[in-house]
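J.: Here is a sequence with its predicted model. Questions after.
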Amino acid sequence: MSTSPPTPQNPWRTAVVAGMASYLDAGAIVTTGTALVLYAPHLGLNEAAIGRISALLTFCFALGALTGGRLGDRFGRRRVLTLTLLLFLLGTALLAGATGPAMLHAGVIVVGLAIGADLPVSLALIAEEAPPGRKGRMIALSGLLWAAGIVVATLFAIFVSPLGELGARLLYGQLLLVAVIVLALRTTLRESAEWTAA
């Protein structure tokens, strides 16, 4: 009894679902910059603390990016994309529910590592699943999603900033909601055929 080959994955759908890493990454960076200022009077943050936490997010993002590609090569694109998004959810939940500087530090470490590791793996999956002659266009879609993350986070911040501490929590809540939806969609992705063959 012969079995038919699996239906090919829609490469544009893969590009959007994987490329949402860029949306979440940009959104987390912009949101944190605004949320720390909103949290400052309530959580006892001064200018030095805000600078430290922001720098920690950037450092962890770089560290995650250095390790994410290697993890994706070793364990598979889909597995790493799922794990990094779960870490992102954990870190964002810590930031949304922060009651002091310690939770903010923990949250930005987890989020930074997650978004850093997520980005190279998502780009690799998009490139590997793109049809010949369309790789550039599909990678460019990630850039558009990155810009969308910046725009949405900035516009949302304009509306919730007057709410102070609550506004900061709502900013992270928006990221949590989007991340949950993306996680559900990512569970429907198959592993990269190119990675599997390699």
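T.: Right, received. Where do you want to start? Numbering: from 1, shown residues only.
J.: which stretches of the chain have low pLDDT?
T.: 1-9, 191-198 (pLDDT under 70).
J.: hmm, try it at 80
T.: Low-confidence segments of the chain, defined by pLDDT under 80: 1-12, 76, 128-135, 138, 189-198.
J.: What segments of it are helices?
T.: Ranges of helices in the chain, per DSSP state H, are 11-43, 47-75, 77-96, 101-129, 135-160, 165-186, 193-197.
J.: which helices and strands sit right next to the second one?
T.: Same thing as helix 47-75. helix 11-43, helix 77-96, helix 101-129 (3 or more CB pairs under 8 Å, 6 or more residues apart in numbering; DSSP states H and E). Where you see a C-beta, it was placed from the backbone N, CA and C, and this is true even at glycine.
J.: Report the separation between residue 136 and residue 58.
T.: 28 Å (CB to CB, to the nearest Å).
J.: Those two: which has the busier surroundings?
T.: Set residue 136 next to residue 58 and count neighbours by other CB atoms under 10 Å: residue 58 wins out with 14 against 9.
J.: gap between that one and residue 32?
T.: Distance from residue 58 to residue 32, by CB to CB: 10 Å.
J.: try residue 131
T.: The gap separating residue 131 from residue 32 is 37 Å, by CB to CB.
J.: Those two - which one has more neighbours?
T.: residue 32 (29 against 11).
J.: excluding its backbone neighbours, what's nearest the more buried one?
T.: residue 57 (5.7 Å; CB to CB, 6 or more residues apart in numbering).
J.: check contacts around the one you found.
T.: 28, 29, 32, 108, 111, 112 (CB atoms under 8 Å, 6 or more residues apart in numbering).
J.: tally of neighbours for the last one?
T.: What it means is residue 112. 27.
J.: Surely it and residue 61 touch.
T.: Yes - using CB atoms under 8 Å, residue 112 is in contact with residue 61, at 4.6 Å.
J.: buried ones in stretch 61-79?
T.: 61, 64, 65, 68, 69, 71, 72, 76, 77, 78 (16 or more other CB atoms under 10 Å).
J.: same question, stretch 129-142
T.: For stretch 129-142, by 16+ other CB under 10 Å, it's 129, 130, 135, 138, 141, 142.
J.: go on, stretch 28-42?
T.: For stretch 28-42, the neighbour count (16+ other CB under 10 Å) marks 28, 29, 30, 31, 32, 34, 35, 36, 37, 38, 39, 40 as buried.
J.: Fine by me, we can end here.
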